[in-house]
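In: structure, please.
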Amino acid sequence: MTEYTRSVELISHSPEETLTIGERLGNLLRPGDVVALYGELGTGKTVLVKGIARGMGIQAAVHSPTFTLVHEYRGPVVLYHVDLYRIDEAEVDSLGLDEYIESGGVVAVEWAEKMNLLLPAERVDVHLKKANESARKIVISSRGPRAQTIIEEFTRNAGACL
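Out: Purely as a prediction, here's the structure:
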């Protein structure tokens, strides 16, 4: 398994700050990038993906794909927003998610822990956790050289993020 090569820890004090963090991350993503999101219900995963979409130049309103599993958002680069909340781990490998990952778009996967071994070794992991009722601890980590470049650039510009 690829080790984390770089990470950055942030505290978001509001959904707006989480959106801004996602936007900054989305601005750095390129075709083929995968973002794996981890966190309990209500930690801001979908809000972060809304920011990612905005940072990627996507104009469409982003919604949780919980009931449809995958939403596709067109922009300069396609964003595939995957939500595995209602899927059993045993069912994940039959969904064909590898096709989205290999499509040349950006893939953001909520509840990524359900994909475990199906996630590519090269990816950005985002762990969200409640720090208190309104604040969220967000740890963005790289797995692999491309993801490390993303985190390094994100870190260089973190002051502009919040």
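In: return the alpha-carbon coordinates of stretch 36-56 using CSV.
Out: As requested, the backbone C-alpha atoms of stretch 36-56 are provided in CSV (Å, rounded to 0.1, in the frame of the first residue of the first chain):
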residue,chain,number,x,y,z
ALA,A,36,-11.4,9.7,-1.5
LEU,A,37,-13.6,11.3,1.2
TYR,A,38,-13.9,9.7,4.7
GLY,A,39,-16.1,10.9,7.6
GLU,A,40,-19.3,10.3,9.4
LEU,A,41,-22.7,11.7,8.4
GLY,A,42,-22.8,15.5,8.7
THR,A,43,-19.1,16.1,8.6
GLY,A,44,-19.2,18.1,5.3
LYS,A,45,-18.2,15.6,2.6
THR,A,46,-20.8,16.9,0.1
VAL,A,47,-20.1,20.5,0.9
LEU,A,48,-16.4,19.8,0.2
VAL,A,49,-17.4,18.3,-3.2
LYS,A,50,-19.5,21.3,-4.0
GLY,A,51,-16.4,23.4,-3.5
ILE,A,52,-14.3,21.0,-5.6
ALA,A,53,-16.8,21.4,-8.4
ARG,A,54,-16.7,25.2,-8.1
GLY,A,55,-12.9,25.1,-8.2
MET,A,56,-13.0,23.0,-11.3
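In: in it, what's buried?
Out: By 16 or more other C-beta atoms under 10 Å, the buried positions in stretch 36-56 come out as 36-39, 43-56. Glycine gets a C-beta too; all of them are placed from N, C-alpha and C.
In: do the same with stretch 9-18
Out: In terms of neighbour count (16+ other C-beta under 10 Å), stretch 9-18 has its buried residues at 10, 12, 15, 17-18.
In: give me the three-state assignment for Val47.
Out: For Val47, the secondary structure call by DSSP: H, G, I helix; E, B strand; the rest coil comes out as helix.
In: which helix or which strand is home to His127?
Out: Taking DSSP states H and E as the definition, one finds His127 inside strand 123-130.
In: got a list of contacts for that strand?
Out: With C-beta atoms under 8 Å, 6 or more residues apart in numbering as the contact definition, strand 123-130 has outside contacts at 4, 18, 25, 33-40, 42-45, 48, 112, 136-144, 147, 150-151.
In: go again with 6 Å.
Out: Residues from elsewhere that reach strand 123-130 (C-beta atoms under 6 Å, 6 or more residues apart in numbering): 34-39, 43-45, 136-141, 143, 147, 150.
In: which of those fall in helices?
Out: 45, 147, 150 (DSSP state H).
In: possible to save those as TSV with distance to Arg156?
Out: Formatted as TSV, the ones in helices among the contacts of strand 123-130 follow (distance: C-beta to C-beta, whole Å):
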residue	distance to Arg156
Lys45	25
Ala147	15
Ile150	11
